[in-house]
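Asker: Here is the input, now give the coordinates:
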Amino acid sequence: MSDLICIGAIAGAFGVSGEVRLKSFCAQPTDIATYGPLMTEDGSRQFLITLTRPVAGGLGARIKGISTKEEADALRGTSLFVHRDRLPSLPDDEFYHADLIGLQAFDTGGLLVGKVTAIHNHGAGDIIEISPPGHKSALLLPFSKTIVPNVDIAAGRLIVDLPEDVD
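Answerer: From the prediction side, this is the model:
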């Protein structure tokens, strides 16, 4: 498990005075501002964020030290991380995406399906991406209790109940 968890990203400038548009990956989007300084994945930069208002596609925010549109635009695409110990504990049936990536996926019969390579969420729920060994294309499945009935982080595996039309 990674010590850093990605909780958001800077989507670019908002306005002309250094404000940015944030995409929050938190269950409550405004919680992104409550975890203290956020950082880049390599820890080379830290950001003190103050939310300003909801905006189309995210949240408006000010970042300490950023005062121009050009400075804000230069941060576009920057993922924002926080140390795991600053985040709340999760119930047994909830997981941080970072904890799922890298797990081995097995079908209900015990056969290896592949490795979890990503979790996507485009607004309608989480999609788990599994890369099967020896295949060029990934398997994309809804991350639901029906399709993924068992996740065992400690064992490094999860079980997927594949729909009948998936080979």
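
Asker: Can you give me the domain assignment for the protein?
Answerer: Following the assignment in automatic domain parsing, the chain carries domains at 4-86, 97-160.

Asker: Mind checking the pLDDT average for the shortest one?
Answerer: Here domain 97-160 scores 91 as its mean pLDDT.

Asker: Go ahead and list the helix or strand containing Arg21.
Answerer: Taking DSSP states H and E as the criterion, Arg21 maps to strand 20-24.

Asker: As a check, name the ranges of all helices in this structure.
Answerer: Assigned by DSSP state H, the chain shows helices spanning 69-74, 97-100.

Asker: okay, now Val113: neighbour count?
Answerer: 20 (other Cβ atoms under 10 Å). Yep, even glycine has a C-beta here, placed from its N, CA and C like the rest.

Asker: ok, and the closest non-adjacent residue to it?
Answerer: Leaving aside its chain neighbours, Val113 sits nearest to Ala105 (4.4 Å; criterion: Cβ to Cβ, 6 or more residues apart in numbering).

Asker: Determine which stretch of the domains of the chain is the most buried.
Answerer: Burial of those is given as mean neighbour count (mean count of other Cβ atoms under 10 Å); domain 4-86 ranks first at a mean of 16.

Asker: State the distance from the closest residue to Pro132 other than its chain neighbours to Asp3.
Answerer: Distances taken as Cβ to Cβ, 6+ apart place Gly114 nearest to Pro132, at 3.9 Å, with adjacent residues excluded. As judged by Cβ to Cβ, to the nearest Å, Gly114 and Asp3 stand 26 Å apart.

Asker: before we move on, what about Leu59?
Answerer: When distance is defined by Cβ to Cβ, Leu59 is 25 Å away from Asp3.
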